[in-house]
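Trainee: The sequence and its predicted three-dimensional model are supplied below.
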Amino acid sequence: MKKLLVICMVIAFVTFVAACGGNDKSAENTTDATETATTETSENPSYDPNRGEGKFTTVELGPLDSKKAELGDQVFQVKCSSCHKLTDEKLVGPGWAGVTERRKPEWIMNFITNTDVMIDKDPEVQAQLELCLVRMPNQNLSDDDARNLLEFMRKNDGAK
């Protein structure tokens, strides 16, 4: 029984040491790479503030699609209304009034579908986060849901 206890303690110690890492060169290189990546991210060298970051490079808008706007309203009711109002009033997050006038459709679509990256990279979103104090959760919306939500936002802003 005593031998088993000693063996378990040795295994736990070895596991602890392995998990914490040593003081070798590879650990130092990992730290340097991490610091470099952090620096690059904070400078946003390739970030486009007009379209954000994500797969949407162009979003073609035409006349308001009432069917999509109706489906977008359903998405809003389920996923968004607990934190956002349709006016300019802040609830948990900012109000939606005028969002389609302030932001390009590509930016909106990328923010809806690539929330975490956009929060980490967009300076205006980071400033908004400081005001709201709550990070918007990724709602894992499909591209279709995001497009429908964009049409609902357009309708809310008076698009015809």
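Mentor: Here it is on my side, so go on.

Trainee: what number of residues lie near Ala146?
Mentor: Taking other Cβ atoms under 10 Å as the criterion, the count of residues near Ala146 is 22. To be clear about C-beta, it is placed using only N, CA and C from the backbone, and glycine gets the same treatment.

Trainee: so it sits right up against Phe111, yeah?
Mentor: No. Ala146 lies out of contact with Phe111 (Cβ atoms under 8 Å); the separation is 9.0 Å.

Trainee: mind listing the helices in this structure by residue range?
Mentor: With DSSP state H, the ranges of helices along the chain come out as 2-20, 25-43, 66-75, 99-102, 105-113, 115-121, 123-132, 143-156.

Trainee: Those: lowest mean pLDDT?
Mentor: Of all the helices of the chain, the minimum mean pLDDT falls on helix 25-43 (a mean of 38).

Trainee: any idea how far Lys85 is from Ser142?
Mentor: Counting by Cβ to Cβ, to the nearest Å, the gap from Ser142 to Lys85 is 24 Å.

Trainee: Looking at the two, which is more packed in?
Mentor: Just comparing Ser142 and Lys85: by other Cβ under 10 Å the higher neighbour count belongs to Lys85, 16 against 11.
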